[in-house]
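**Q** What follows is a predicted structure for the sequence shown.
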Amino acid sequence: METMKILLYLLIFPGFLFTAVCGMLASFIDRKLTARVQWRRGPPLLQPLYDFIKLLGKETIVPKSANKLTFFLAPIIGFAVVILVSTILGLTLINSETSFAGDLIVVIYLLTIPSLCIIIGGFSSGNPIASLGASREMRLILGYELPFVLSILVPVIKSGSIKLGEIVTSTYAISSISGIIALVVSIICMQAKLGLIPFDAPEAEQEIIAGSFIEYSGTPLAIFKLTKWMLLFVLPVFLITVFMPTKNVISFIIKYLILLVVVILIKNTNPRLRVDQIIKFSWIYLTVLSFIAVIYALKGL
């Protein structure tokens, strides 16, 4: 009976099915709002679903030079990790008592794996352009991961816990100076984690076509796409959980939509940065700001 309950959580709610639907809706909002910004009509509501089904029906072509096992495992592992993260976050928001010691650290670690899977998939394909995209993705991680972790330290310091359940039930809010700075840094880092403009150098269509995904087709590419859409839901939910915890469903939806719109507007109002510019921006500005936020949090500000 316990096994059936775990499978229900992972496969239906708040795991795979729920997160996939929310991710597709987030992708639709992204494309629709982007179209409106560009004075276009935009796609219909079910366009992400149509795209996913179409990719599932396409032939899967594997390059001769690819490491086949790694090539196929990369999208599957990234996909499974996002489902696990969404399940942990969902159960914590529903019932904070389901939280376990150090689950915040586990979630931060797991959120790094999808990017690592993109790197592994790119290198395993044997394509030089894919390897270039994977190399850029690797340098991107080195840039944003430190300020992202430091910004998450602020709610940890404020709540005095590394358990998501205790952070959710704490009285911490972003009304403090440290909280506002940390939230801004984490939103910018989230933009980089999602690989959206201005941090889309690893998948710059005009330069390296599709980057790490250039050799992917059919079902593996569909899984990568769905993982990206699900992250568009999971990452904002994570930031809401640690920075703006709420038990009210309406309040949660409003906060999520605000974060999603901010991400989309940043994407549509900024030019692409070069890799060296991304590293410089991350290490100098984001890291310094996150350190300032941590210092302010330690001083109770």
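**A** Noted; the coordinates are in hand.

**Q** In this structure Ile152 contacts Leu104, no?
**A** Yes: here Ile152 reaches Leu104: they are 7.3 Å apart, a contact under Cβ atoms under 8 Å. In short, each C-beta sits where N, CA and C put it, glycine included.

**Q** who touches both of the two?
**A** Val242 (Cβ atoms under 8 Å, 6 or more residues apart in numbering).

**Q** Point out where the stretch 1-150 of the chain drops to low pLDDT.
**A** Low-confidence segments of the stretch 1-150 of the chain (pLDDT under 70): 1.

**Q** now do 50
**A** Nowhere does the stretch 1-150 of the chain drop to pLDDT under 50.

**Q** Tell me where it has helices.
**A** Using DSSP state H, counting those that start in this stretch, the helices of the stretch 1-150 of the chain run over 2-11, 16-37, 47-57, 68-94, 103-110, 113-124, 128-159.

**Q** Next, the angle from the longest one to helix 113-124.
**A** Going by axes from the mean of the first three to the mean of the last three Cα atoms, to 10 degrees, helix 128-159 is angled at 160 degrees with respect to helix 113-124.

**Q** With the fourth one instead?
**A** For helix 68-94 and helix 113-124, the angle between their directions (the same axes, to 10 degrees) works out to 170 degrees.

**Q** buried residues in helix 68-94?
**A** Neighbour-count burial for helix 68-94 flags 71-75, 77-93 (criterion: 16 or more other Cβ atoms under 10 Å).

**Q** For stretch 276-291, what does the pLDDT average out to?
**A** Averaged over stretch 276-291, pLDDT sits at 93.

**Q** before we move on, the earlier item: with distance to Ala192 as extra columns, can I get the helices of the stretch 1-150 of the chain in TSV?
**A** Listed next are the helices of the stretch 1-150 of the chain as TSV, based on distance: least, Cβ to Cβ, whole Å:
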stretch	distance to Ala192
helix 2-11	28
helix 16-37	16
helix 47-57	22
helix 68-94	16
helix 103-110	15
helix 113-124	9
helix 128-159	4
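
**Q** Mean neighbour count, those: which tops it?
**A** Highest mean neighbour count among the helices of the stretch 1-150 of the chain (mean count of other Cβ atoms under 10 Å): helix 113-124, with a mean of 24.

**Q** chain center to that helix, what's the gap?
**A** Distance of helix 113-124 from its chain centroid, counting by Cα atoms, centre = their mean, to the nearest Å, is 14 Å.

**Q** ditto for stretch 238-252
**A** On Cα atoms, centre = their mean, the centre of stretch 238-252 falls 17 Å from the chain's centre.

**Q** In contact with Phe71: list those residues for me.
**A** Neighbours of Phe71 in contact, by Cβ under 8 Å, 6+ apart: 62-63, 121, 124-125, 215, 220.

**Q** let's see 10 Å
**A** Listed by Cβ atoms under 10 Å, 6 or more residues apart in numbering, the contact partners of Phe71 are 62-63, 120-126, 215-216, 220.

**Q** do the same with Val168
**A** Listed by Cβ under 10 Å, 6+ apart, the contact partners of Val168 are 89, 92-93, 95-96, 99, 159, 240-242, 245-247.

**Q** what about the closest residue to Thr34 other than its chain neighbours, neighbour count?
**A** With Cβ to Cβ, 6 or more residues apart in numbering as the criterion, Thr34 has its nearest non-adjacent residue at 5.6 Å, and that residue is Asn268. Neighbour count of Asn268, defined by other Cβ atoms under 10 Å: 16.

**Q** Over to Ile250?
**A** Ile250: 8 neighbours (other Cβ under 10 Å).

**Q** could you dump the contacts of Phe71 to JSON lines with distance to Thr287?
**A** Converted to JSON lines, the contacts of Phe71 look like this (distance: Cβ to Cβ, whole Å):
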{"residue": "Val62", "distance to Thr287": "40"}
{"residue": "Pro63", "distance to Thr287": "38"}
{"residue": "Ile120", "distance to Thr287": "26"}
{"residue": "Gly121", "distance to Thr287": "28"}
{"residue": "Gly122", "distance to Thr287": "26"}
{"residue": "Phe123", "distance to Thr287": "27"}
{"residue": "Ser124", "distance to Thr287": "31"}
{"residue": "Ser125", "distance to Thr287": "32"}
{"residue": "Gly126", "distance to Thr287": "35"}
{"residue": "Glu215", "distance to Thr287": "34"}
{"residue": "Tyr216", "distance to Thr287": "33"}
{"residue": "Pro220", "distance to Thr287": "35"}
